[in-house]
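**Student:** only geometry, no sequence info:
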């Protein structure tokens, strides 16, 4: 349970930091974006690092939340924590919906692929 709490905190924090450290997107100007990317590389690299960390954490939360669809037994407390932690995507979609859709698509596919991989390993088919 402690691991799930840490994963949910990392997911929410990395989502916030990714959106905060990314160069400004509204109104989008390629010159401003590239200038910010080149002249503040630490912020840009930290934003990309938070993106990858957020993809992994949100993918794990999605895998946990969707594991009941795969026919596994799930504790109701863990399932509720996963769903509650994933509710931060509502805030992310309010901030910038295109970026949020991209930020949701990667963890979704990562979580579904890891869900399928674990099921194959548990069944002994791999």
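**Tutor:** That came in fine, so what should we check first? Bear in mind that the values here come from a model prediction, so they are computed numbers and not experimental data.

**Student:** ok, residue 93 touching residue 100?
**Tutor:** Yes: in this structure, residue 93 sits in contact with residue 100. The criterion is C-beta atoms under 8 Å, and the distance is 4.4 Å. (Glycine included, C-beta is placed from N, CA and C.)

**Student:** between these two, who's got more neighbours?
**Tutor:** Neighbours were tallied for residue 93 and for residue 100 using other C-beta atoms under 10 Å; the higher tally belongs to residue 100 (18 against 15).

**Student:** Give me the phi and psi angles of the more buried one.
**Tutor:** The phi/psi pair for residue 100 (degrees, to the nearest 10) reads phi -70, psi -40.

**Student:** contacting residues around it?
**Tutor:** With contacts taken as C-beta atoms under 8 Å, 6 or more residues apart in numbering, residue 100 has the following neighbours: 89, 92-93.

**Student:** for these, which one is nearest residue 47?
**Tutor:** Here the nearest of the contacts of residue 100 to residue 47, counting by C-beta to C-beta, is residue 92; it sits at 13.9 Å.

**Student:** quick one, what contacts the closest one?
**Tutor:** Taking C-beta under 8 Å, 6+ apart, one finds 15, 19, 99-100, 103-104 in contact with residue 92.

**Student:** Which strands and helices lie in contact with the helix or strand residue 9 falls within?
**Tutor:** Assigning secondary structure by DSSP states H and E places residue 9 in helix 2-21. Packing partners of helix 2-21 (3 or more C-beta pairs under 8 Å, 6 or more residues apart in numbering; DSSP states H and E): helix 41-66, helix 76-86, helix 88-95, helix 97-123.
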